[in-house]
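Q: Show me the folded form of this:
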Amino acid sequence: MSNIACQGLFQDVAQELGSGVESDRLKPKFIRAVNRALSELSLEADKSDTLDHITAVDSIITDMDTDYEWILYAGTIYNLVRMGVRPVDPKLARVVYDDSALRWAQAKAAYVVALDNANQATSTNDVWGLGYVGDT
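A: Below is the predicted model of the structure:
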């Protein structure tokens, strides 16, 4: 499993939101937004072990594969928009919020499906085999 490097995620988020990567105001919000997304993914996917939180922009997320980076990106953008990192024009801000909410909902659903598929990877673990991961 590959890891997710938050530095690249931060750069992409800063670019989409029109903020500079040296923005001292964006960095703490980014950390909180990523952690909120990780917490929500843990709850939505009903994971027994929660995803570890980050403490810095250059943190590495070791318990999530790089294949899911786009999912974390959508959640981070959504949370930042909710935290006020959005256009000042109310009409444009509403469009940005609606778009981020839709992308985050789709991303969470894709994450849950991906984990379910991984848990049903063999015939004994799938629904038809009436098994599950960890059964004896």
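Q: Is it correct that Ala107 is in contact with Gly75?
A: Yes: counting by CB atoms under 8 Å, Gly75 is a contact partner of Ala107 at 6.4 Å. C-beta: built from backbone N, CA, C; applies to glycine.
Q: what about these two, which has more around it?
A: Gly75 (25 against 22; other CB atoms under 10 Å).
Q: Now for the more buried one, which secondary structure element holds it?
A: For Gly75, the host element (DSSP states H and E) is helix 69-82.
Q: elements contacting that helix?
A: Counting contacts by 3 or more CB pairs under 8 Å, 6 or more residues apart in numbering; DSSP states H and E, helix 69-82 is packed against helix 6-17, helix 26-44, helix 90-119.
Q: Is it possible to get JSON lines of the ones you listed that adds distance to Thr55?
A: As requested, those are exported to JSON lines (distance: least, CB to CB, whole Å):
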{"stretch": "helix 6-17", "distance to Thr55": "10"}
{"stretch": "helix 26-44", "distance to Thr55": "7"}
{"stretch": "helix 90-119", "distance to Thr55": "23"}
